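[1] The following block contains a protein sequence and its predicted model.
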Amino acid sequence: MPAPRHGSTVIPTLSYRDAPAMIEWLCRAFGFDKQAVYMDGEVVLHAQLTWGDGMIMLGSAGKDGDWAKLMAQPDEIGGRSTHGVCVIVADADAHYARATAAGATVVIDIADQPYGGRGYACRDTEGYVWWFGSYDPWNPEAGTP
């Protein structure tokens, strides 16, 4: 078992064709904060975006390198995703309004969920699927309507 520490010990990773633009978009549309961005020209070698105690890491898409060879972009596989990212938000309706105003495409409309909380699913501008909702699996009673 990992030792307790600040922040998540599980961190989703994503690759984007226009990673510099997506970093800005993810911060504006979804509310992430830039913690670190390492670049070589216009190529994002590694970036860390935070949300509360959580984080995502991302970089520029490509086919060079051992990790990149294992990845596919949603448009290369018919718009499907092989994974999703779930983000706990305090106010799902306010987040929905912010994300859609910035161009996120809603794929599951916002609704109260039978397991508790309220949430919705959307795609970012490069096609990845995200879930934003008030249900908190660490504190299930807090997100129950």
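    Everything's here; your move. Numbering: from 1, shown residues only.
[2] Just the CA atoms of the longest helix along the chain, as PDB, please.
    The residue-count maximum for a helix in the chain (DSSP state H) belongs to helix 92-101. Extracted in PDB, the C-alpha atoms of helix 92-101 (Å, rounded to 0.1, in the frame of the first residue of the first chain):
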ATOM      1  CA  ALA A  92     -22.500  20.300 -11.400                       C
ATOM      2  CA  ASP A  93     -24.900  22.800 -12.900                       C
ATOM      3  CA  ALA A  94     -22.500  25.700 -12.700                       C
ATOM      4  CA  HIS A  95     -19.700  23.500 -14.100                       C
ATOM      5  CA  TYR A  96     -22.000  22.300 -17.000                       C
ATOM      6  CA  ALA A  97     -22.700  26.000 -17.900                       C
ATOM      7  CA  ARG A  98     -19.000  26.800 -17.900                       C
ATOM      8  CA  ALA A  99     -17.900  23.800 -19.900                       C
ATOM      9  CA  THR A 100     -20.600  24.200 -22.600                       C
ATOM     10  CA  ALA A 101     -20.000  27.900 -22.900                       C
END
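[3] Check which residues of the next helix-or-strand element following that helix are buried.
    Later in the chain than helix 92-101, the nearest helix or strand by DSSP states H and E is strand 105-112. Applying a neighbour-count criterion of 16 or more other CB atoms under 10 Å, one finds residue 110 buried in strand 105-112. All C-beta spots, glycine's among them, are computed from the backbone N, C-alpha and C.
[4] Counting by contacts, list what strand 105-112 packs against.
    Strand 105-112 sits against helix 92-101, strand 118-123, with contacts defined as 3 or more CB pairs under 8 Å, 6 or more residues apart in numbering; DSSP states H and E.
[5] one step back: what about the longest helix of the chain, average pLDDT?
    When pLDDT is averaged over helix 92-101, the result is 98.
[6] ok so, going back, of the helices and strands packed on strand 105-112, which is nearest residue 68?
    When the helices and strands packed on strand 105-112 are compared by CB to CB, strand 118-123 sits nearest residue 68, at 21.5 Å.
[7] Let me see the mean pLDDT of that closest one.
    Mean predicted lDDT for strand 118-123 stands at 97.
[8] Relative to the whole chain's centre, how far out is the next helix or strand after that strand?
    The first helix or strand that comes after strand 118-123 along the chain, using DSSP H and E, is strand 129-133. Put simply, strand 129-133 sits 7 Å off its chain's centre (CA atoms, centre = their mean, to the nearest Å).
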